[in-house]
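A.B. asks: turn this into a model:
(2 chains)
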Amino acid sequence: MKHIVIIGNGFAGITTARHIRQQSDHRITVISAESAHFFSRTALMYIYMGHMTYQHTKPYEDWFWKKNRIDLVQAYVEHVDTGNKAVWLRDYAPIMYDTLVIATGSKPNKFGWPGQDLAGVQGLYSLQDLALMEQHTANIKRAVVVGGGLIGIEMAEMLRSRHIDVTFLVRESMFWYPILPAEEGQMIGRHLREHHVDLRMKTELREILPDEAGRVRAVRIGTGEEIDCQFVGLTVGVSPNVDFLQSSEIATNRGVLVNSYFETNVPDVYAIGDCAQFSQAPTEAGGAERKPIEQIWYTGRIHGETLAKTLCGERTAYEPGVFFNSAKFFDIEYQTYGQVVSPLPEGVATFFWKHPDGVHCLRINYVADDEQVVGIHAFGIRLRHAVCDEWLRNSRSLAYVLEHLPLANFDPEFFRQHEAAIISQYNQQATVPLRLKAKKGLFQ
Amino acid sequence: MSNTTLLIRRAGLGLFLLGFTMFVVTLTLSQFRLTTSILEQTVKKEHLAVVQQATAPMVGKLYSSQFSFISDFKTAINQLNNGYKERQQWDKVIYNNYAFSVTKAASNGFFPDNRNLFFWLSIGLALLGALLYIIPASFQLPGIKNNRLFQHPATSRGWIGIIVGGFLIGFYIVLYFYPEYLTNWVLLVDPLNETLSGNRNVGASASQWFLYGTLYTACIVVMGIRMLINYRHSPYQQVRTASVMFFQTAIAFLLTELLVRLNLPGQDLKNMWPLDYSYFFDYRIDEHLRAGTLGIWMLVWGIALFVIGVPVLVYFFGKRWYCSWVCGCGGLAETLGDPYRQLSDKSLKAWKFERYSVHGVLAFAIVMTLGVGYTAITGSTSLLGVSTYDLCSWYGFGVGSIFAGVVGTGFYPLMGSRVWCRFGCPLAAYLGIVQRFKSRFRITTNGGQCISCGNCSTYCEMGIDVRWYAQRGQDIVRSSCVGCGICSAVCPRGVLNLENGPVATRQTEPFPIILGNNSVRVRSE
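C.D. replies: Now for the predicted structure:
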């Protein structure tokens, strides 16, 4: 029975802990500086907006940890001494480990803008960031959000929920470029403007300007224009949270370098989740390549499930299944399966359908010559994960997917169904017209 | 929100508070004069002489305070009864509560003479104000509207919530146990009652229940409009809300009044035993038998509902067909209770308590009804040493009045909209047993897409930890789930879907490894 120490009580670290406990009696200690218990970071925005309280974001009640013999330590890790297999903490006794798992997640990026450390300027990742944002947005009139990605749009939604004016600076020509193709990027841009977000595309942040008290009072953008504001949200991506490992023997690059077994260069030390960087980018069974750093909620869990198997005696390599992700842009839900990339790669064609109301659309990317589907995403339409996964795993054709589209419909009862319109649009351009061959509902 | 919208909403809130205040004030506006003809109209023949004698000092006197009038009247009756009890003349003791009908009939003055004016100034104004407050939400973009719920004192057990809860609790206690103090409110709705059922409510007919029904229906309609607007992006929510509004207005309210007009029992045809716990009491059965063939058919309908309707419909659709689409308690919970659904207790402790309490009430209801049947057949009022009459009165007081009424609705702003449904309703327990073991209904969870945010659990009015199932890829098959669909609506990633399908496809075990991870699957080959 060994002592497994996990640094970081986020989704990756906690999934590892839970799965180890389900499969063994190893002693488990989870260390976190951020919070006493595991909470869902994805829900931070809902606390700010008043939809939930912090208590609601904890997936497990507080008695869960003791009941499952998972020890929790709330302390900051200052140094990892791999020679002595010890973790040195601030204001806490050092903890000895047999196996160490680093699951410290990310930290918001800052790219050296003048004024980026002023009061009222911050990213949004941790509980502490949320508390700071709560403090610095009290009674303000206007905020500027920098960076057109997922956290940026969530921050914009948070601020709008308190009727704070938001100017959203996006460096690229489209929102969430290059992940979203042009039509979808425009759809989201329109939706942002409907929510009275002052969206500035192709706009860079130059400088953040202080008032006499050292607080932000305005930003200067690329054109030289000054925009008055009392809060700046920096949402230009995240980077692995690994600065604390500089003093250790553990090799890092942007993140902690790991192989496909999550092993670092030091024996008995592993890294998973946002903070891990694969030396060799993982590939899916179908050949699609993943990024070397996977900063997504779901991959954190998958890393944790896989590492737990290794730590309980069955050395298991990370083999991701079909890629999937989801998000919500104000009132528009988004789901993606497989590879929907922009611009279209060589040899890949695309089929795109949009409803006239402009808030529902579906895109299917497929290999041009054999029509094998490689990616599907949808806005405003819920798709059934298991069905999309099966289609992509088994390399179904575009025709097959369109004919069986109702099987993937996960929208609630009485919702408008779009499959007939979708297949009708396809038939307008097709040589061989298709017919719907399935009905919405649980497949028998 | 624009300034005009804000202005309209503020005006609406102001008018609502004005109308509501007026409504409360009307309770004080009558004067009372007891006359012998009033006693002749309201008191039973066998009690008339003694009551006239006991209340003689009151006759002709003009009371300006309802409290003093009722106090004097009750004192007179109590003295009479105490005398009988001392002399052990048990059969002469008066149990009827004449205070209500006597007080109502004795009301006079400007208020009773101008009821319609006061109706529009109170209830009318409050309804108008409420609609002005609610309707501007339709100018906002469609989508989930839960902003500030946990920051506002009305929806987070703050001071406004506590005041509203206090008022509701007080209202139910007075309605059930001291209705004589509400006679002015009943006077306000008498004209409506007469229009609908022809009921002039003179005499001993209990009409505080028509007042209750009117207010209940008004709440469901107005708050139903609020639901229709706030959830207009979700056709499921709109259809379901329209359904509860229909069943309350048309079946529970209007049809019941029509039946009375036709001299049939005023039965809420969508209600059934064991929720309608007195269904098999002798006076209810008599009422049906006296109404001839139609009355017997109505009696059979009520029985068919729970013997056939429940198992068949729950098999196909889950218990949601009743609990969140038809039931009156459910209708109020889904409309008036919507601002409070997030206040339900999601802890494991609460779930454990719930399973004992709700099945306990079902057992109590069954035993009580068996007792009633036993008494009807054998004539004996004692079943295993317990008086069957006592069983009925304890159940009626403890479960019917306190649990279902006072706690059921009074606790909305404190513990959420479904305290009765979750912890007490015996029909819910019965529906839930069928749903849990033999139903095509489930809430499917969407593979690996759950982000554990907690919105689903937070907004589940039944206190189900929906997230627990979603993050393991397990379907939600819980006996308490009423299928309101709010968890699905509020989920930001499209993880939850209410569906009917083959019973065998219900995923009632967690997936060991969630969809999307090939590492472990490959190893097991």
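A.B. asks: wait, B:Gly213 sits on B:Phe253?
C.D. replies: Yes - counting by CB atoms under 8 Å, B:Gly213 touches B:Phe253, with 5.6 Å between them. For every residue, glycine as well, the C-beta is placed using N, CA and C.
A.B. asks: quick one: mean pLDDT for stretch B:336-345?
C.D. replies: For stretch B:336-345, mean pLDDT is 97.
A.B. asks: go on, stretch B:93-102?
C.D. replies: 89.
A.B. asks: ok, and what's touching it?
C.D. replies: Counting contacts by CB atoms under 8 Å, 6 or more residues apart in numbering or on different chains, the residues outside stretch B:93-102 that touch it are B:34, B:38-39, B:42-44, B:47, B:50-51, B:70, B:73-74, B:77, B:80-81, B:84-85, B:179-180, B:183, B:203-206, B:208.
A.B. asks: do stretch B:310-325 as well
C.D. replies: Contacts made with stretch B:310-325 from outside it, assessed by CB under 8 Å, 6+ apart, are listed as B:240, B:243-244, B:247, B:272, B:330, B:334, B:421, B:427-428, B:430-432, B:434-435, B:438-442, B:479, B:481-485, B:498, B:500.
A.B. asks: swap the cut-off to 7 Å and go again
C.D. replies: Contacts of stretch B:310-325 with the rest of the structure, by CB atoms under 7 Å, 6 or more residues apart in numbering or on different chains, involve B:240, B:243-244, B:330, B:334, B:421, B:428, B:430-432, B:434-435, B:438-441, B:482-484, B:500.
A.B. asks: helices - which of those residues land there?
C.D. replies: Using DSSP state H, the subset of the contacts of stretch B:310-325 located in helices is B:Arg240, B:Ser243, B:Val244, B:Gly330, B:Glu334, B:Cys421, B:Ala428, B:Tyr430, B:Leu431, B:Gly432, B:Val434, B:Gln435.
A.B. asks: tell me, how many residues neighbour the first one?
C.D. replies: Per other CB atoms under 10 Å in any protein chain shown, the neighbour tally for B:Arg240 reads 24.
A.B. asks: per-residue confidence for it?
C.D. replies: Listed pLDDT for B:Arg240 reads 98.
A.B. asks: the second one now?
C.D. replies: According to the predicted model, the pLDDT of B:Ser243 comes to 98.
A.B. asks: likewise for the last one?
C.D. replies: The pLDDT attached to B:Gln435 in the predicted structure is 97.
A.B. asks: chain neighbours aside, what residue packs nearest to it?
C.D. replies: Of all residues beyond its chain neighbours, the one nearest B:Gln435 is B:Lys319 (4.6 Å), with distances taken as CB to CB, 6 or more residues apart in numbering or on different chains.
A.B. asks: most proximal residue of the stretch 251-400 of chain A with respect to chain B?
C.D. replies: In the stretch 251-400 of chain A, no residue comes nearer to chain B than A:His385, which is 2.8 Å away by CB to the nearest CB.
A.B. asks: in contact with that residue, which residues?
C.D. replies: When contacts are taken as CB under 7 Å, 6+ apart, A:His385 is in contact with A:Phe324, B:Asn446, B:Gly447, B:Gly448, B:Gln449, B:Leu515.
A.B. asks: quickly find the element holding the residue lying closest to it once chain neighbours are set aside.
C.D. replies: Closest residue to A:His385 in three dimensions, ignoring its sequence neighbours and counting by CB to CB, 6+ apart: B:Gly447, at 2.8 Å. Here B:Gly447 is covered by no helix or strand, with elements defined by DSSP states H and E.
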